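Student: Test case, fold it:
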Amino acid sequence: MTTSPSRAPVLEAEVVESFAELGITAFTTGRGAGTFGMHSDEPIRDVMARWSALRARLGGARLATAAQVHGVDVLEHEAGWSGWLRADSADGHLALAGGTAMAVTVADCVPVFIAHPSGATAILHSGWRGTAAHITERAIQRLAAHGVAPEELRVHCGPAICGRCYEVSAEVAMQLALVDGRVRDRAERELPGGGRRRCGQEQGQRGEESGAAPHGPAGAEGAGTTARHGVRTAGRRQLGGSFRVGLRG
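Tutor: Residues are numbered from 1 along each chain as shown. So this is what the prediction gives:
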């Protein structure tokens, strides 16, 4: 970065404090940290300097990222490598042991942090497509397949756009509504004729009985902890802007 260390921006705009007691570092950056986009108009040296600062803040010998495609693929990372991995396409990362830093990029979409006392962690980019396809549930099922008990997980939903500000088509609203029967019934009443309505991503984010984590209401202030289906979750705050989300067990 071209600025001096004393002027370097603070990376953390929101810290997942409930993960800290597990020895897990998790936070979301804000506008003050600058863009991490490789295709932005800013000099690439400045962008790469921010990445270097993020890697240093997260610590660990390895950082896993990917080009995001609004899908449901979650990459599983093992130890035994070092450096910065940028996979071709994925919208989530999972590690069963500590020492691997992982990051996703979000703007409107929901960043989902998952942690277990054993050190297993996951981080997800949950847009409306991923939400409708149960990306959070899929990640929890992957962890469960490795013997990680879903009822012992902590799940935190980071800052995302609020329902009042996110306008989608009726078709998108109905896809999200299919995840929750109560929302589906409401959508059928309020979306006649395929008109456009404002629809928050929270419509498709409620947990399933199989152990998926429910999300707090979009735009809720604060990060109050709740529990449902045995999975501890934290509500998200609306901050606005583009974010880089980092996590390391």
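Student: Now tell me which helix or strand of this structure has the poorest mean pLDDT.
Tutor: In the chain, no helix or strand scores lower on mean pLDDT, DSSP states H and E than strand 225-228, which sits at a mean of 26.
Student: can you give me phi and psi for residue 132?
Tutor: Its backbone dihedrals place residue 132 at phi -60, psi -30, with angles given as degrees, to the nearest 10.
Student: Kindly report the same for residue 129.
Tutor: Recorded main-chain torsions at residue 129 are phi -70, psi -50, according to degrees, to the nearest 10.
Student: didn't it look like it was pressed against residue 70?
Tutor: Yes: judged on C-beta atoms under 8 Å, residue 129 makes contact with residue 70 at a distance of 4.5 Å. C-beta coordinates here come from the backbone N, C-alpha and C atoms, glycine included.
Student: what do the two both touch?
Tutor: Both residue 129 and residue 70 lack any common contact, where contact means C-beta atoms under 8 Å, 6 or more residues apart in numbering.
Student: for the biggest helix by length in the chain, what is the average pLDDT?
Tutor: The helix that spans the most residues within the chain, counting by DSSP state H, is helix 44-58. The pLDDT scores in helix 44-58 average 89.
Student: That one - contacts with which helices or strands?
Tutor: For helix 44-58, the helices and strands in contact under the criterion 3 or more C-beta pairs under 8 Å, 6 or more residues apart in numbering; DSSP states H and E are strand 25-29, strand 100-106, strand 243-248.
Student: Quick check: neighbours of the helix or strand that that helix is followed by in the sheet, parallel or antiparallel?
Tutor: On the C-terminal side of helix 44-58, the nearest following helix or strand under DSSP states H and E is strand 62-66. Strands flanking strand 62-66 in the sheet, each with its direction: strand 83-87 (parallel), strand 100-106 (parallel) (DSSP bridges).
Student: Would you mind writing the CA trace of strand 62-66 as PDB?
Tutor: Listed in PDB are the C-alpha atoms of strand 62-66, where the atom choice follows Å, rounded to 0.1, in the frame of the first residue of the first chain:
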ATOM      1  CA  ARG A  62      -1.900 -20.300   3.600                       C
ATOM      2  CA  LEU A  63      -4.900 -18.400   2.300                       C
ATOM      3  CA  ALA A  64      -7.600 -19.900   0.200                       C
ATOM      4  CA  THR A  65      -9.900 -17.800  -2.100                       C
ATOM      5  CA  ALA A  66     -11.800 -18.400  -5.300                       C
END
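Student: Nice, that's everything, thank you.
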